[in-house]
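> sequence first, predicted model second:
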Amino acid sequence: MVEGYSISAGRKPTGNWWRYKGEMSLFEALPFSFGVRPRVVAALAALAIFAGTAHAAPLPPPDVAAAPANATRTRSGLAMTIIDAGSGKKHPQPNDCVKVRYVAWTRQGQVAGSGSDDGSPALQCLHQMSPGIAEAVAAMVVGQHRRVWIPEALAFPPNPKEEPPSRKADLTYDLTLDEIIAAPPTPRALKAPPARARKLPSGVAIEIFKKGTGQVHPARPAHALVQLAGWTTDGVLFESTAMTGHAASYGLDELIPGLAQALPLLVVGDRARVWIPAALAYGDKPRRGQPAGNLVYEIELIGLQ
């Protein structure tokens, strides 16, 4: 469970569309220093290189400056060694979130950042991490401890939408993977709805793939209790109530237009897939942190309130 978070569940874009420890899109920053929005380059831990740290600095490992000869090297330029193999069997997938404990140093042995003072793991989703960290974490299993040497280009990749950090550096990380928070399965039909889907005049398409037993459809002013997940057409998960561990309750007026049109077609127990054009979602050029373009949702109506 992603503790302390509920996902924005297709809310209309408003001034408080995303909130820390309130309604929050998976596109938004979680308290983790490997990158704080999709493809954001300035990881908070890396920025701490130049800001110092608030608690006692962990001592650098003897090989902080360079990976040993027996390190595994990837085509991208990472070098990694396994310090503790761990007991897990599964690897994190691209849409998963994880809990990780970490310490980072510059190659000169200066602390670049570390986890919380109490040693608790940090939370982040793989698609929000810088490329080097995402690649390393994807290779791990639960309980595993790795040391990773990350070149500057993979710690601070260029992003035209972000201000570049004033200084960059190669980094060395110690990572321990504590937990994998699995994402829901990605639907196959993301680019376009299948022929069997019902097409609405607005351009929204809906397919009910599991029928419920309810008789009443959602209508204003009632609130609907739902489980839902949302993807961009290239398969990036940006919302998931299941990953928070609980359903969400919304009125029709609180939802983006595409979901507001689809939800009244359901009864309690229905599970449906909804294809929403950009104009009825967040648009092609949404505000920062919101997904652009056409979107696909899976939604289950749990109850009415």
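Perfect, thanks for sending it.
> only C-alpha atoms from now on, for both contacts and neighbour counts.
OK.
> in the protein, which helix or strand is least confident?
Least confident helix or strand, the chain: strand 23-24 with a mean of 33, by mean pLDDT, DSSP states H and E.
> ranges for the helices of the stretch 1-150 of the chain?
44-47, 131-138 (DSSP state H, counting those that start in this stretch).
> pick out the shakiest of those helices, pLDDT-wise.
With a mean of 38, helix 44-47 has the lowest mean pLDDT of the helices of the stretch 1-150 of the chain.
> so Ile180 touches Asp96, yeah?
Yes. Assessed by CA atoms under 8 Å, Ile180 is found in contact with Asp96 at 6.9 Å.
> I'd assumed Asp270 was in contact with Glu300.
Yes. Glu300 is within contact range of Asp270, at 5.7 Å (criterion: CA under 8 Å).
> neighbour count winner among these two?
Ranked by neighbour count (other CA atoms under 10 Å), Glu300 and Asp270 place Glu300 first, with 26 against 19.
> low-confidence bits of this structure, can you list those?
Low-confidence regions of the chain, defined by pLDDT under 70, span residues 1-56, 159-167.
> now do the contacts for the residue of the chain most remote from its centre.
Centroid-distance maximum for the chain: Gln215 at 35.3 Å, with CA atoms, centre = their mean. Applying CA atoms under 8 Å, 6 or more residues apart in numbering to Gln215 gives the contacts 267-268.
> separation between it and Val274?
20 Å (CA to CA, to the nearest Å).
> Thr233 too?
12 Å.
> the two: which is more packed in?
Neighbour totals were compared for Thr233 and Val274, and Val274 leads with 27 against 18 (other CA under 10 Å).
> give me the beta-bridge partners of that one?
Counting by DSSP bridges, Val274 forms beta bridges with Ile206, Tyr297.
> my read: it touches Ala205, true?
Yes. Between Val274 and Ala205 there is a contact under CA under 8 Å: 5.7 Å.
> off-centre distance for the helix or strand encompassing Ile180?
Using DSSP states H and E, the element containing Ile180 is strand 171-181. Relative to its chain's centre, strand 171-181 lies at 16 Å (CA atoms, centre = their mean, to the nearest Å).
> parallel or antiparallel, list what pairs with it.
Here strand 171-181 has these sheet partners by DSSP bridges: strand 97-106 (antiparallel), strand 145-150 (antiparallel).
> want to try TSV for the ones you listed, with distance to Ala197 as columns?
Below are the strands paired with strand 171-181 laid out as TSV (distance: least, CA to CA, whole Å):
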stretch	distance to Ala197
strand 97-106	31
strand 145-150	46
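> can you tell which of those is closest to Arg73?
strand 145-150 (9.4 Å; CA to CA).
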